[in-house]
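Asker: Output the structure for:
(one chain, ligands or ions: 2)
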Amino acid sequence: MQAGTSERIVDVTVTPVAFRDPPLLNSVGVHEPYALRTVVEITTESGVSGVGETYGGTLHLERLRRTAAELDGLDVWNLNDLVARTTRALGTDTSGGDGMAGMVTGSSTVDRVVSPFDVACMDVQGKLVGRPVSDLLGGAVRPSVPYSAYLFYKWAGHPGQEEDDWGAALDPAGLVDQARRMIETYGFSSIKLKGGVFPPDEEIAAVRALREAFPDHPLRLDPNAVWSTETSLRVARELEGVLQYLEDPAAGIDGMAAVAAGTPTPLATNMCVVSFDDLAPAVARDAVGIVLSDHHFWGGLRRCGQLATICETFGLGLSMHSNSHLGISLAAMTHLAAATPRLTYACDTHWPWKRPDEDVVDPAPLRISEGAVAVPTAPGLGVELDRDALARLHRQYLDCGLRDRDDTGYMRRFEPSFSSETPRW
Ligand SMILES: O=C([O-])[C@@H](O)[C@@H](O)[C@H](O)[C@@H](O)C(=O)[O-]
Ligand SMILES: [Mg+2]
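Answerer: Ligands and ions are numbered 1, 2, ... in the order given. Predicted coordinates for the structure are as follows:
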């Protein structure tokens, strides 16, 4: 590559995929048998390719395809042009399609759509200059990125199917067993519990059981905003000194501000601060102490770096959110977290819930050991697309019949009276 040379995109493919997912319970229902993702691949004029990964819902997929059609000739070094072209492709079509079962609804559509292309462009940039993406983001400040054990209440298996490998976890003992297995397998040194499933007293009991079983592991609880302010304050009081942070106990900036005013426990969010527009009001109201960044909805990797700077300016902590994902996303999350000095908490990941034999990249460079993923040092993201595996997971997408994540609809097939209304408690 000569100095000042552009590197233009000549081909973009957008491929929806499905991978198996256990029946994990959350405030809006239960995970369906398959999680949906989309893999984007760009190829440049000199034959270098780069990959990105994002949500798999219908509307999002259609937006990705519309944007992909605008990227012919884009210079992979010009990410501002990528944003401009995405904005143009989307026009006034900017609501819905969040792909997160209604849990994160206010994020920016342009940011969500731009993200996988931004990652793919940076993958190419890294390959062109022979440096890992973490270097392009300013350089790794840590050699490996710690992740947390992400516990879920869960059924033993999907109804009508065999019990899965993890079995049921519907009470404190079940969660302690799940945590033990996850920690033994991956060496995690922080624990997050997805709450908002059972009445708060049961979840308090679960956190206490985890504290007793793992006295040195920082603990987090995330009920996805299904509690009232009063309930949130009661839980915060009962778990004072036990939680590292309490994630999204109540809804909205107002709800979180009311809780924050009444507890010394830090509050974190991936629900009420989900775009740059949310930062000023959240800071003004002192609503949250920690923002959970996520390059999938904050507009890609560099935008998350900008978020980190804003958090630093206003004294906010930074952690990282996750949804069900494949290896491309784990690689991107790891480069980003490695290059973000502000990100001092173990990041969330759904990784252990994915079967090891289902991915679109060889997951070997992403092994979680001692609770952390070593930052890949190969050029770009450091993972290579496995085209056979991509074709297999795309076939699974076509065959599985699912087109949009619908945790609530799936839950109602087994519990017709299930309501995802908030606040529930
Ligand atoms: O996968 C799930 O069920 C999670 O509840 C996910 O959808 C959330 O977005 C997320 O993990 C969170 O921290 O809120
Ligand atoms: Mg959360």
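Asker: CA only for contacts and neighbour counts going forward, please
Answerer: Noted.
Asker: all strands for the stretch 201-350 of the chain, in order.
Answerer: Taking DSSP state E, counting those that start in this stretch, the strands of the stretch 201-350 of the chain run over residues 219-222, 243-247, 267-269, 290-293, 317-320.
Asker: what's the helix or strand for the closest residue to Pro352 other than its chain neighbours?
Answerer: Counting by Cα to Cα, 6 or more residues apart in numbering, the nearest residue to Pro352 once its immediate chain neighbours are dropped is Met182, at 7.6 Å. Taking DSSP states H and E as the definition, Met182 sits inside helix 172-186.
Asker: care to break this structure down by domain?
Answerer: Listed domain ranges for the chain are 9-130+388-400, 135-381 (source: automatic domain parsing).
Asker: Contact residues of the stretch 51-200 of the chain facing ligand 1?
Answerer: Contact residues (Cα under 6 Å from any ligand atom) of the stretch 51-200 of the chain with ligand 1: Met100.
Asker: Wait, Gln178 touches Ala169, no?
Answerer: Yes. Taking contacts as Cα atoms under 8 Å, Gln178 lies within contact range of Ala169: 7.2 Å.
Asker: Most tightly packed of the strands of the stretch 201-350 of the chain?
Answerer: Neighbour counts (mean count of other Cα atoms under 10 Å) averaged over each of those peak at strand 267-269, with a mean of 29.
Asker: quick one: strands adjacent to that one?
Answerer: strand 243-247 (parallel), strand 290-293 (parallel) (DSSP bridges).
Asker: can you tell if that strand touches ligand 1?
Answerer: No. Counting by Cα under 6 Å from any ligand atom, ligand 1 has no neighbours in strand 267-269; the shortest distance is 8.0 Å.
Asker: Need the mean per-residue confidence for that strand.
Answerer: What strand 267-269 shows for mean pLDDT is 98.
Asker: now do stretch 230-239
Answerer: Average pLDDT, stretch 230-239: 98.
Asker: Show me what it is in contact with.
Answerer: Pro200, Ile204, Leu246, Pro249, Ala250, Val259, Gly262, Thr263, Thr265, Trp425 (Cα atoms under 8 Å, 6 or more residues apart in numbering).
Asker: Then stretch 112-120?
Answerer: 39-42, 49-54, 60, 63-64, 67, 79, 82-83, 86, 98, 295-301, 332.
Asker: now this protein, which segments are flagged as low pLDDT?
Answerer: Applying pLDDT under 70 to the chain flags residues 1-3.
Asker: In it, which helix is the longest?
Answerer: Assignment by DSSP state H gives helix 109-129 as the longest helix of the chain.
Asker: which of the residues in that one are buried?
Answerer: For helix 109-129, burial by neighbour count (16 or more other Cα atoms under 10 Å) applies to 109-128.
Asker: mind checking the backbone torsions on Leu137?
Answerer: In terms of degrees, to the nearest 10, the main-chain angles of Leu137 are phi -90, psi 10.
Asker: And for it, the neighbour number?
Answerer: By other Cα atoms under 10 Å, 18 other residues sit near Leu137.
Asker: Go through stretch 283-290 and flag the buried ones.
Answerer: Going by neighbour count (16+ other Cα under 10 Å), the buried part of stretch 283-290 is Val283, Arg285, Asp286, Ala287, Val288, Gly289, Ile290.
Asker: Output the residues you listed as CSV; include the columns distance to Thr349.
Answerer: Below are the buried residues of stretch 283-290 laid out as CSV (distance: Cα to Cα, whole Å):
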residue, distance to Thr349
Val283, 27
Arg285, 29
Asp286, 27
Ala287, 25
Val288, 21
Gly289, 21
Ile290, 17
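Asker: Closest to ligand 1 out of these?
Answerer: Nearest to ligand 1 among the buried residues of stretch 283-290 is Ile290, at 12.7 Å by Cα to the nearest ligand atom.
Asker: What segments of the stretch 1-150 of the chain are strands?
Answerer: Along the stretch 1-150 of the chain, the segments classed as strands by DSSP E, counting those that start in this stretch run 9-20, 25-26, 29-30, 34-44, 49-55, 144-146, 149-152.
Asker: quick one, which of those strands is packed in tightest?
Answerer: Neighbour counts (mean count of other Cα under 10 Å) averaged over each of those peak at strand 49-55, with a mean of 27.
Asker: contacting residues around that strand?
Answerer: Outside strand 49-55, the residues that reach it (Cα under 8 Å, 6+ apart) are 36-43, 61, 98-99, 115-124, 296, 326, 328-329, 380, 385.
Asker: okay, the angle between that strand and strand 34-44?
Answerer: Interaxial angle, strand 49-55 versus strand 34-44 (axes from the mean of the first three to the mean of the last three Cα atoms, to 10 degrees): 150 degrees.
Asker: May I have strand 49-55 exported as PDB, CA atoms only?
Answerer: C-alpha atoms of strand 49-55 as PDB (Å, rounded to 0.1, in the frame of the first residue of the first chain):
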ATOM      1  CA  SER A  49     -11.900  -8.700   3.000                       C
ATOM      2  CA  GLY A  50     -13.200  -7.600   6.400                       C
ATOM      3  CA  VAL A  51     -16.100  -8.800   8.500                       C
ATOM      4  CA  GLY A  52     -18.600  -7.400  11.000                       C
ATOM      5  CA  GLU A  53     -21.500  -8.800  13.000                       C
ATOM      6  CA  THR A  54     -24.800  -7.400  14.100                       C
ATOM      7  CA  TYR A  55     -28.500  -8.200  14.900                       C
END
